[in-house]
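1. Mind looking at a prediction? Sequence and model below.
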Amino acid sequence: MSHAFADRHIGIDSDARQLMLDALGYPSLDAMMDAAVPSAIRQSSPLRSLPQPATEAEVLQELRAIADHNTVRTSFIGQGYYGTVTPAVIQRNVLENPSWYTAYTPYQPEISQGRLEALLNFQTMVSELAGLHTANASMLDEATAVVEGMLLARRASQSPSNTFLVDSDLFAQTRAVLVGRAEALGIDLAFLPLAETDPAELPEAFGVFVQYPAASGRIWNPSAVIAQMKEHGGLAIVAADLLALTLITPPGELGADVAVGTTQRFGVPMGFGGPHAGYLAVREGLERQMPGRLVGVSRDADGRPAYRLTLQTREQHIRRDKATSNICTAQVLLAVMASMYGVYHGPDGLRRIAERVAQKALLLGDMLREAGFELESGDFFDTLSVRVPGRAAALASAARDRDLLVWQEGDDTLRISVDETTTVAHLHDLVSAFGSHDHGSHGWREHGTGRIPSALHRESTYMTHPVFHAHRSETAMMRYLKRLADRDYALDRGMIPLGSCTMKLNAATEMAAVSWPEFNGLHPFAPLEDVQGSLVMIGMLEDWLAELTGYDAVSLQPNAGSQGELAGLLAIRGYHRSRGDTHRTVCLIPSSAHGTNAASAVLAGMRVVVVATTGSGDVDLGDLRAKIAEHGENLAALMITYPSTHGVYEHDILDVTAAVHDAGGQVYIDGANLNALLGCARFGDIGGDVSHLNLHKTFCIPHGGGGPGVGPVAAKAHLAEFLPGHPLAQMNAHPPFDMRTGSVGTVEHRGAPVSAAPYGSASILPISWAYARLMGAEGLTEATATAVLAANYVALRLREHYPVLYAGERGLVAHECILDLRPLKERTGISNDDVAKRLVDYGFHAPTMSFPVSGTLMVEPTESEDLAELERFIQAMIAIRHEADAVATGEWPADDNPLVNAPHTAESVIVGDWQHPYSRELAAYPATLAGSTVDGGFGATRADKYWPPVRRVDQAFGDRNLVCACPPIESFAESPA
């Protein structure tokens, strides 16, 4: 390459940088950062563990070398993770398409209609397969979805009991996550072999959980257990395999209140554990108790159907410590893939895949019985439990010698799962590995449902909507995916200046390895010798992240920022309890904090006490000291974001952390704003004991329309042992490979797991590894300074048009600035919502609205945008201010102007008589009243215009009229009269 990668990642070149610095009055980036960041916390020591930056070609070569140390064998392991075939049309047009993977959470529905439709397809598919009324837009994974189902049951149950019944035939990873989460909340778990338990003998409980089919592969009818639970006011949660549900009676028909699980086997690679889209569906009446995101159908200003997020969207910011869940994200990209797998195959195709799986399991069972092996259950879908007294290890080893992996359950049992990718040849190889070579008479049976009991054969229909029947050819599917992508606004169109969200470049080189089978074909419980490459990469990333943040240990297990928060707080809880300080349960949280902070604290068993913030946005040191004096003996932690949630480098941060430590508390620093600190200061050096990091922000993992994410947790040495461990991890040592010593690390994480897989969303970790390797320490530092430069330049240019709400001692912000639109609304009647929608007409995604202050816009331009794009945004915001002024002067009526009518669709400016007091041209191609043209669209010309597919969406209508499944095609036929 002719340029260093940092020059490709950072959009502002040297000439533009100097122009911007001159405007701000600083001779260099270093001088500006010296003014912005308090000198007491500036990092001075070099970052030793990060190697010098590599070129893009070199990074791909290094990743190839790492990948070569992984061995992808044929997996019969199952246990919640299965081989699947990702249709090439979906891999190419979704997973590898920046129109899908660089999109943001669909908080602006008018420019998110494509991904919202894809998610509505997901919800419809899941709810109908599960036989329940409503499904949400995905969960983080199956194990945490089970936890959320338990918590939902606790909220909705009429039982006074504190006990939750759990079928002992469940996946080991689900058991481990359940135990850890229940312990923190004081919930009593009772594990019982429910299939052998008389329902009348069940103890009192607020809910029951059943794995269906069971982890052993057994299929049994839990309807009597469910009925008994409901008779006493409890709720029933069933974790169901969606592919099996095409053949077996769905949970809703068995009486279940909630169904949970994963959609991984719907075209999403195993990926060494993730990311995958979990699911959660509920019966009618529980919709408002659901955690996570929910897509609903509303209408736009013309009365036409339009999609939007509904009900509990961003409830953490509203309800905080009263929120029903700390999960504020989803696995959107993976949910889109799974939904499109359903769209492409349709119900008949999914059933055929399931039938083939069931027949292969039946064939394997017949061969094993003939070879003298005993099966534990005669009824199964895809998984066989084989009794092999004393021989489990030897037979598993013999299979591995033939590149076949089975699951060893103790010394006497093997579990074997077949899937979509299993061939008959694989089955013959496996039986041969077990010592039987006389099975040639067993051939393939094309039809049937294997060994599913007749009483549980599914009779009901599912996925009847036309969308699941109209895209069978690759041509039709490709065009459908393109049509949906064209309805959305993503980073491949233009800047997404969202404050607190860091929507920056996700470079193609960083993304490349995600599709490599050496990374995405690994089972998360594959043996240690098969995953050496991934563990080395994980070890390097843990090392780099620890040094970059000033901590001693890192866990990459949390698969979202919210789960990283929870893991960090659980580590603090574990630390206090290890010292006998069980009374330390108070968590201090500033009033400006991200809403998930409070929700995570509650889920970690803590009590939230709010600390005031000052008029300048800093933590009120006086109020902090007063709260410490009041709660000092019981103080567990302070959660604080740095730079602050208001986008300012607080100068009192060392005083804040010292005050907490003096009182015996721990300091949790939220890493959401690390993009303003990396290379300039370190959390561990400013008093942090533990932090989570958003790799999907600072380290370039794309948002994917609202997920995937990775939220690692980093901690000082005294908290390291309390970081999340995992009973099925290939090794307990961290880092798995220590670059400094060339050997295995010495730290063991012994805390409860917070994710189903030992290393969380491992298949996307190569993205962040590549980013750090490409940038090096100097590049990362320059990226931070450039992000701060861009934010301050935008603040400077817009300050006379919109007040900048907070700034540091020298008038500088961090990597984002808050524009106060409340005075504009008071003077003109134009709200921040009007400005956000009008920005669509100018070809922009709106900044973050009303967070952390209602009536504001938080702008974060990032380091990846060039000066031309920054200026285009600045000019658009100035033009909108002039349009608002025209409303104030009476040039346009308050109820009929280009702002309140925004956004304008192509149809709205072309069809019919134009009745508005402004021109069609101004509606579609806005220009400032002062005469300086600002073209619409994502580029520099009108030919590049982005047209929103719907007009402004009626948010209230969607909440009043809750529809969360695909609407009938007729509703789109024409606009209502």
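-> Sure thing, it's come through.

2. Count the residues that sit near residue 901.
-> Using other Cβ atoms under 10 Å, residue 901 is surrounded by 21 other residues. The way it works is simple: take the backbone N, C-alpha and C, and place the C-beta from them, glycine included.

3. Might one say that it is in contact with residue 916?
-> Yes - using Cβ atoms under 8 Å, residue 901 is in contact with residue 916, at 6.9 Å.

4. Give the intersection of the neighbour lists for those two.
-> Shared contacts of residue 901 and residue 916, defined by Cβ atoms under 8 Å, 6 or more residues apart in numbering, comprise residue 923.

5. least trustworthy helix or strand in the chain by mean pLDDT?
-> helix 315-319 (a mean of 59; mean pLDDT, DSSP states H and E).

6. Could you look up the next helix or strand downstream of it?
-> Proceeding C-terminally, helix 315-319 gives way to helix 332-370 as the next helix or strand, assigned by DSSP states H and E.

7. Following that next one in sequence, what is the next regular element?
-> strand 374-375.

8. So which elements touch that next one?
-> If contacts are counted by 3 or more Cβ pairs under 8 Å, 6 or more residues apart in numbering; DSSP states H and E, strand 374-375 sits against helix 332-370, strand 383-387.

9. quick check, distance from the longest one to the centre of its chain.
-> It refers to helix 332-370. Distance of helix 332-370 from the chain centroid (Cα atoms, centre = their mean, to the nearest Å) equals 26 Å.

10. Residue 661: which of the helices and strands packed on strand 374-375 is closest?
-> Smallest distance to residue 661 across the helices and strands packed on strand 374-375 (Cβ to Cβ): 39.2 Å, for helix 332-370.

11. now the angle between strand 383-387 and that closest one, please.
-> Per axes from the mean of the first three to the mean of the last three Cα atoms, to 10 degrees, the angle that helix 332-370 makes with strand 383-387 is 40 degrees.

12. buried ones in helix 332-370?
-> Neighbour-count burial for helix 332-370 flags 332-347, 349-351, 353-368 (criterion: 16 or more other Cβ atoms under 10 Å).

13. so for that helix, what's the average pLDDT?
-> Helix 332-370 carries an average pLDDT of 97.

14. ok, now stretch 879-897?
-> 97.

15. again, but for stretch 246-254
-> 98.

16. Ok, stretch 130-142 next?
-> 97.

17. Show the end-to-end separation of that stretch, please.
-> End-to-end distance for stretch 130-142, by Cα to Cα, to the nearest Å: 15 Å.

18. Next, report how far it is displaced from the centre of its chain.
-> On Cα atoms, centre = their mean, the centre of stretch 130-142 falls 15 Å from that of its chain.

19. next one: stretch 808-819
-> Distance, centroid of stretch 808-819 to centroid of chain: 28 Å (Cα atoms, centre = their mean).

20. pLDDT averaged over it, what's the number?
-> pLDDT averaged over stretch 808-819 gives 94.

21. Which residues belonging to it are considered buried?
-> Buried-residue list, stretch 808-819, by 16+ other Cβ under 10 Å: 808, 812-819.

22. Same question for stretch 783-800.
-> 783-798.

23. can you give me the strands in the stretch 551-700 of the chain?
-> In the stretch 551-700 of the chain, strands defined by DSSP state E, counting those that start in this stretch lie at 553-555, 586-590, 607-611, 635-641, 666-670, 690-692, listed in chain order.

24. Which stretch among these is buried most, on average?
-> The highest mean neighbour count among the strands of the stretch 551-700 of the chain, using mean count of other Cβ atoms under 10 Å, belongs to strand 690-692: a mean of 32.

25. Which strands or helices does that one pack on?
-> Checking 3+ Cβ pairs under 8 Å, 6+ apart, strand 690-692 ends up next to helix 561-578, strand 666-670, strand 713-715.

26. Including distance to residue 753 and mean pLDDT, could these go into a markdown table?
-> Listed next are those as a markdown table, based on distance: least, Cβ to Cβ, whole Å; pLDDT from 0 to 100:
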| stretch | distance to residue 753 | mean pLDDT |
| --- | --- | --- |
| helix 561-578 | 9 | 96 |
| strand 666-670 | 19 | 97 |
| strand 713-715 | 12 | 98 |
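
27. So which of the ones you listed is nearest residue 881?
-> Taking those one by one with Cβ to Cβ, strand 666-670 is closest: 32.6 Å.

28. quick one, the closest one and strand 635-641 angle?
-> Using the same axes, to 10 degrees: strand 666-670 against strand 635-641 is 20 degrees.

29. what does strand 666-670 rub up against?
-> 565, 568-569, 572, 575-576, 593-594, 597, 636-642, 657, 660-661, 683, 686-692, 719.

30. Sort out for me which of the buried residues of stretch 783-800 are in helices.
-> Mapping these onto helices (DSSP state H) picks out 783-798.

31. Which single one of the buried residues of stretch 783-800 is nearest to residue 389?
-> Nearest to residue 389 among the buried residues of stretch 783-800, with distances taken as Cβ to Cβ, is residue 783, at 59.2 Å.

32. Leaving out the residues flanking it, which one is nearest to the closest one?
-> Spatial nearest neighbour of residue 783, excluding adjacent residues (Cβ to Cβ, 6 or more residues apart in numbering): residue 863 at 4.6 Å.

33. Run a quick neighbour tally on the one you found.
-> Neighbour tally, residue 863, other Cβ under 10 Å: 24.

34. Pretty sure it sits against residue 17.
-> No - applying Cβ under 8 Å, one finds residue 863 not in contact with residue 17, separated by 10.6 Å.

35. which residues are common contacts for these two?
-> Common neighbours of residue 863 and residue 17 (Cβ under 8 Å, 6+ apart) are residue 786.

36. coming back round to it: could you take the helices and strands packed on strand 374-375 and lay them out as a markdown table, with extra columns for distance to residue 875?
-> Output for the helices and strands packed on strand 374-375, formatted as a markdown table (distance: least, Cβ to Cβ, whole Å):
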| stretch | distance to residue 875 |
| --- | --- |
| helix 332-370 | 32 |
| strand 383-387 | 61 |
